[in-house]
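S.K.: Sequence plus the predicted model coming up.
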Amino acid sequence: MASIIAVCHSSKKGTRKTIMPEGTLKEGYGLIGDAHADSNTHRQVSLLAIESINKMRELGFDVGPGDFAENLTCESIDVASLPIGSQVCIGDKIVLEITQIGKDCHTRCAIYHQLGQCIMPTEGVFARVIKGGQVKPGDTIRLLKES
């Protein structure tokens, strides 16, 4: 079953995120306390699969959840293959709408400068919070509606 394995936040953009025991996703805003949360963007929350992080580990890099500045690290769901407009449900309450797959890294993030490469431009996923709530490791994540 697909699930959340880490919830991560940072106070500054362009840095690795710190794992937290749980977080609050606010409707139309993002993860409370995270530098990327903003009601004026379609990139309120970022997701990355642990399987993507494991690809970097296989190349010899010592990386883990939050190191690619993702808010939610998930497993057993290929978030990067979900069409834009798809909705996922986390736990029983939270609904996220996929708004962007990958991103342009114009200024290069901290992880790129340290490793010379980053997976967020191709495998990172961004979403808008349609319905908020508490999120924590172990919460299930499932496809609610495919666009």
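M.R.: Structure received.
S.K.: use CA for all of it now, contacts and neighbours both
M.R.: Fine.
S.K.: Show me how far the longest helix anywhere in the chain is from its chain's centre.
M.R.: The longest helix of the chain (DSSP state H) is helix 50-58. Distance of helix 50-58 from the chain centroid (Cα atoms, centre = their mean, to the nearest Å) equals 14 Å.
S.K.: Equivalent analysis for stretch 35-42, please.
M.R.: So, by Cα atoms, centre = their mean, the centroid of stretch 35-42 is 13 Å from its chain's centroid.
S.K.: Name the residues of that stretch that are buried.
M.R.: The neighbour-count check on stretch 35-42 (16 or more other Cα atoms under 10 Å) flags 35-38, 42 as buried.
S.K.: Need the residues you listed in TSV (columns: distance to Lys131).
M.R.: Converted to TSV, these look like this (distance: Cα to Cα, whole Å):
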residue	distance to Lys131
Ala35	20
His36	18
Ala37	15
Asp38	15
His42	14
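S.K.: Which two of those have the greatest separation?
M.R.: Ala35 and His42 (14.3 Å; Cα to Cα).
S.K.: helix/strand/coil for the residue sitting furthest away from the middle of the chain?
M.R.: Distance from the centre of the chain peaks at Gly60, with 22.4 Å (Cα atoms, centre = their mean). Following DSSP: H, G, I helix; E, B strand; the rest coil, Gly60 is assigned to coil.
S.K.: Measure how buried the closest residue in space to Leu31 that isn't next to it in sequence is and give me the count.
M.R.: Leaving aside its chain neighbours, Leu31 sits nearest to Leu25 (4.5 Å; criterion: Cα to Cα, 6 or more residues apart in numbering). Leu25 has 25 neighbours, counted by other Cα atoms under 10 Å.
S.K.: ok, now Pro21?
M.R.: Neighbours of Pro21 using other Cα under 10 Å come to 10.
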